[in-house]
Structure formats: C-alpha cells, structure tokens
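1. I'd like to go over a predicted model; first the sequence, then the structure.
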Amino acid sequence: MSLEGKVVLITGAGRGIGAGIAHCYAARNAKVVVTDLVQDLVEETAASLPTEALGLVADAASQEAMGKVIDTVEEKLGKLDILVNNAGIGGPELDSFLEMDLEPTDDSAPAPTSAFLSTTDEMWEQAIRYNLSTTFSSSTAAMPRMNDGGSIINISSIAALGAAAQSPGYGAAKAAVIHLTKSLAQELAPRKIRVNCICPGLLWTRAWELLASQIKMTQKEMANMTNRQVFEGVVAQMTPLGEEQTPEDIGRLAVFFSSEEARMITGQVVAVDGGITLNGGM
Ligand SMILES: NC(=O)c1ccc[n+]([C@@H]2O[C@H](COP(=O)([O-])OP(=O)(O)OC[C@H]3O[C@@H](n4cnc5c(N)ncnc54)[C@H](O)[C@@H]3O)[C@@H](O)[C@H]2O)c1
C-alpha cells in the first residue's frame, strides 16, 4: 500500500511509538513531518527516515505553535494530508518526566495509597493538557488547512477502555480522545476527512520504563527486578497473545486507516493490544 505523494505530520515523534509510526509512513513513501518538545529527538527521528522528512520543535497542545508548524509544512512540502496525534505523557510525574531517573536507588520513598488522593489539581490539569489538549489543539490547528480526503489518527490507550484507578487523569484524558475522535469524524465527514483512533496496549518505550520504575517503588517484592523485568511480567500476565506490542504494530494500523483501503472507515476505535481488552477494560 503506497502513500507516495502524501504528506503526514506526526506529533510526539521524537522517540517511542511516534518514531515507529514515522518509519511506517516513510516505508510507504510518504513525506514525513515529525514534531516533539525536544529538539535533539526530532532531529534524530527525521534524520533516520529514508524519505523526505522535516523535524520541528512544537508543543502539540498549543494551537499557535502547531499553526506555525503547518506554515512550515505548507512552505516546504506544499500541503498536509494526514495528521497523527500521538503526543502524550503517562504517569503522574509529568513535570520531571523528561529528566526522571529510571533506576531510583532510594527505597525509602513512601508508597502512595491512592492515585486519586495523590493527584493534585495541577497534576490533573497537566494530564489533560498533555494527553487531550494535544489532540484538540493540533487537530484544530490542522483542520482548516488539511487537504479534503485526508485523514486524522488519534492515539489513545487501553487505559481509556476500562477503569484506570492508578492513573485517573491519564485514563480520563485518553477516554476523551475517543469521544473527540467521533466528534471530529462527524465534523469533517463532509470534507471526506476520516478520523479514527488507535488504543495501544503494552509497548516498551520510555513511558513504560518510567511506569515500571514507579511500580517497583510501590511493590516491594519487585524492588530487585529491572524495569524491563517488571514490564515483561505485566505483559505475560495480561496479554492473551503473549507478546508485547511494537511501535510498528501501531504504525501499520495508522497507515491502513489513512489509506484508500479504509475509505469508508471513520470514527472507529481499534485496540492493538494482543487481546488485553478481550474481556472489557484492562
Ligand atoms: N507505551 C505504551 O505502552 C503506550 C500504551 C498506550 C498508549 N500509549 C500512548 O502512545 C503515545 C506515545 O507514547 P510512547 O510510549 O511512545 O511515549 P514516549 O514518552 O516514549 O514518547 C512520547 C513523546 O511525545 C513527546 N511529547 C509529549 N508531550 C508533547 C507535546 N505536548 N508536544 C509535543 N511532543 C510531546 C515526548 O517528548 C516524547 O518524545 C502517547 O500518547 C501514549 O499515551 C503508549
């Protein structure tokens, strides 16, 4: 399935799932624009792609910043066909997320009793900003300027499909991404712009490394395990198909959603999770 001549913009693509999605589009000959908060990361991803690519620093939760990104895309590549809203940050430690030590040695840290009770107003607002406003602001910045017949793909999470008491802000934001997907699909249908949503399951990215290090802090029996061992344990316990998912598993579905093969599919939500949500939520 070739996407030759198409221009795709992927937010939060400096690493992890977004970078994997970028490679999947490049493999189908699309021109790829990657954005992230971190300059080195976007440059690295853009340089690693085999097709024409641009790497731009921009906060996906800012309509103004994303408007400037679209200006550059139009100037350098002429148009925008596909938007992938991937930017997001899981876990409660949002402020320090980018610098956080992934193998903390301080085992005296008290275990939080309840994620609800340890979530401050500020943490809640950040969870919404990074995981929901990113999709809203990037979509509204891009919509008026996208080609008719284009496509938007939103990255939600399996945390959106059932209760997520360990990450209430993240779960609520990702559930709202599903609702936003349907509203955008309705709004953009007259222009034949299709909007669909992917819920990834368990992927070994920096986001999960951080989560594993947090799990170790609260579960003393895991204290001597590596972050990767914690992750593998969760995968083995939760995944009927028995394997973690890869960024390319997500990228291949994004490519399909934005291709002509999916011309009558809009407003849909698909979990790529090895069967984790077969019985409902997580
Ligand atoms: N890893 C998983 O298991 C998993 C599961 C379900 C859903 N997801 C979702 O997939 C997406 C990618 O996650 P990942 O695991 O690759 O995480 P990651 O932390 O490895 O990568 C996320 C990237 O997004 C960037 N980013 C964050 N906020 C941004 C913003 N406002 N503007 C621009 N860039 C921003 C970060 O700098 C980072 O480079 C997220 O939306 C996440 O919620 C991940």
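-> Okay, I see it. Numbers count the residues shown, from 1 in each chain.
2. just how off-centre is the helix of greatest length in the chain within its chain?
-> Longest helix in the chain, counting residues (DSSP state H): helix 168-188. Averaged C-alpha coordinates place helix 168-188 at 13 Å from its chain's average position (CA atoms, centre = their mean, to the nearest Å).
3. Kindly export stretch 272-282 (C-alpha atoms) in PDB.
-> Provided in PDB are the C-alpha atoms of stretch 272-282 (Å, rounded to 0.1, in the frame of the first residue of the first chain):
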ATOM      1  CA  VAL A 272      -3.800  -3.000  19.200                       C
ATOM      2  CA  ASP A 273      -3.100  -4.900  22.400                       C
ATOM      3  CA  GLY A 274      -2.600  -8.600  21.900                       C
ATOM      4  CA  GLY A 275      -6.100  -9.200  23.300                       C
ATOM      5  CA  ILE A 276      -5.600  -7.500  26.700                       C
ATOM      6  CA  THR A 277      -9.100  -5.900  26.400                       C
ATOM      7  CA  LEU A 278     -10.900  -9.100  25.200                       C
ATOM      8  CA  ASN A 279     -12.900  -9.100  28.400                       C
ATOM      9  CA  GLY A 280     -13.600  -5.300  28.600                       C
ATOM     10  CA  GLY A 281     -11.100  -2.900  30.200                       C
ATOM     11  CA  MET A 282      -7.600  -3.600  31.500                       C
END
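4. Tell me which stretches of this structure form strands.
-> According to DSSP state E, the chain carries its strands in the segments 7-10, 31-36, 53-57, 82-85, 151-155, 194-200, 269-272.
5. Which one of the ones you listed lies nearest to Ile70?
-> strand 7-10 (7.8 Å; CB to CB). For glycine as for every other residue, the C-beta is placed from the backbone atoms N, C-alpha and C.
6. same for that closest one, what does it pack against?
-> In this structure, strand 7-10 makes packing contacts with helix 16-27, strand 31-36, helix 63-77, strand 82-85, judged by 3 or more CB pairs under 8 Å, 6 or more residues apart in numbering; DSSP states H and E.
7. Identify all contacting residues around the shortest one.
-> By CB atoms under 8 Å, 6 or more residues apart in numbering, the surrounding residues in contact with strand 82-85 are 3, 6-11, 13, 18, 21, 25, 30, 60, 134-135, 138-139, 142, 146, 150-155, 177, 254, 258.
8. Please list only the buried members of the residues you listed.
-> Neighbour-count burial within those applies to 3, 6-11, 13, 18, 21, 25, 30, 60, 134-135, 138-139, 142, 146, 150-155, 177, 254, 258; the criterion is 16 or more other CB atoms under 10 Å.
9. just to revisit the earlier point, what would the strands of the chain look like in a markdown table with mean pLDDT and distance to the ligand?
-> Formatted as a markdown table, these follow (pLDDT from 0 to 100; distance: least, CB to the nearest ligand atom, whole Å):
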| stretch | mean pLDDT | distance to the ligand |
| --- | --- | --- |
| strand 7-10 | 98 | 10 |
| strand 31-36 | 98 | 4 |
| strand 53-57 | 98 | 8 |
| strand 82-85 | 98 | 8 |
| strand 151-155 | 99 | 5 |
| strand 194-200 | 99 | 4 |
| strand 269-272 | 98 | 9 |
